[in-house]
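>>> Return a 3D structure for these sequence lines:
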Amino acid sequence: MIILYNITLDTGTTNTRVTLWKNQEVIDKVSREIGVRNTAIDGNNFKLKNAVKEAISEILDNNNLKLDEVNKIIASGMITSNVGLIEVPHLRAPAGIEDLAEGMVEHCIPDVVNKEIWFVPGVKNSVNEVTLENCEAMDIMRGEEVETIGLLERLNAKGPVLVILPGSHSKFVSVDREGKITGCLTSLSGELISVITNNTIIASSLKHSLTSEFNRKMVLEGYKNGEKTGLNRTIFLVRILDQFTNLSINDKANFLLGAVLSADLKAIKNSHALEVSSESNVIVAGKDILKQSFKAIIEEDGYFKNIEVVNSKQLDSLAGFGALCIAKKRGLI
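Numbering: from 1, shown residues only. Prediction:
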């Protein structure tokens, strides 16, 4: 009997997503608001184990399937960390799809599911010994490597590429001409915007509101001020705009967003964590406002010439799709 179904697990800091696939088509998705943060807080992974167990059981029941009708279960993301289910060491960059496939690790965890789970390792930058002098060149990721592989496959993208994955912890991934991940860079831009908006004096100027609609002019004004006088000064300008202009809350939120992203673009161009040049093709993923904002400031900056914004269909179940591509390379599916 040929078994066509596979399940992918994608666990992040706060959520776990389980996807049922038939070939490369999504059949069903379920999720739990449980992630590795629960493990870190509780000091054990009981909640995460139970969440994965429940989600797998639910997705099988929803589709009238039995476990032995599933070919492979493939996991990626923070589920492979020391606060996940099984810790799998990072691969050292450069690492391509062949390296990730070779690095997959098989484990059976009976109190989660009575079937082997194949774990995809994360990737770390190639720094032999981290010191105060070279720590800026070091970075790590778990989950964004499968998303990068998925995007390269779906877009048929050729290197050199810079992949932008905005979020609470924004990730920037460089890929060389051979399709190997050469480095990653993490920033706290998403968390920073949230903290500024809710937990500083700026909160009263924004009424605790994030951007609701993209405003290119205001994003670029924030970006330009961030470039000129630095992030700290530009953040306070949100209050100045609130006190002395009639700009809307959304206008000021866009200004703040542009200011914070100016620091991200500066990091991309100057960090030793990435291997990018003006020849790198830029792929921008994430939520619409963030995609539009990154595209606007990159165009304004002018260093990178080729920018591609990913649409929502290309982002659908991206982590699971990338994990399937890696499993296929391993010969598992």
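>>> which stretches of the stretch 201-333 of the chain form strands?
281-284, 307-309 (DSSP state E, counting those that start in this stretch).
>>> partner strands of the shortest one, parallel or antiparallel?
Sheet partners assigned to strand 307-309 using DSSP bridges are listed as strand 281-284 (parallel).
>>> Need the mean per-residue confidence for the partner strand.
The pLDDT scores in strand 281-284 average 98.
>>> which residues make contact with that strand from outside it?
Applying Cβ atoms under 8 Å, 6 or more residues apart in numbering, the contact partners of strand 281-284 are 151, 155, 157-164, 166, 291, 294-295, 298, 304, 306-310. Glycine gets a C-beta too; all of them are placed from N, C-alpha and C.
>>> Residue 96 is in contact with residue 159, isn't it?
No: assessed by Cβ atoms under 8 Å, residue 96 is found out of contact with residue 159, at 9.9 Å.
>>> who's more crowded, those two?
Neighbour comparison, residue 96 and residue 159: the larger count goes to residue 96, with 23 against 19 (by other Cβ atoms under 10 Å).
>>> And the residue lying closest to the more buried one once chain neighbours are set aside, its phi and psi?
Leaving aside its chain neighbours, residue 96 sits nearest to residue 180 (3.9 Å; criterion: Cβ to Cβ, 6 or more residues apart in numbering). Per-residue torsions, residue 180: phi -90, psi 140 (degrees, to the nearest 10).
>>> got a list of what residue 180 touches?
Residue 180 sits next to 93, 94, 95, 96, 99, 159 when contact means Cβ under 8 Å, 6+ apart.
>>> Adding distance to residue 19, write the residues you listed out as JSON lines.
Below are the contacts of residue 180 laid out as JSON lines (distance: Cβ to Cβ, whole Å):
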{"residue": "93", "distance to residue 19": "27"}
{"residue": "94", "distance to residue 19": "28"}
{"residue": "95", "distance to residue 19": "24"}
{"residue": "96", "distance to residue 19": "24"}
{"residue": "99", "distance to residue 19": "24"}
{"residue": "159", "distance to residue 19": "27"}
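>>> Good, we can wrap up now.
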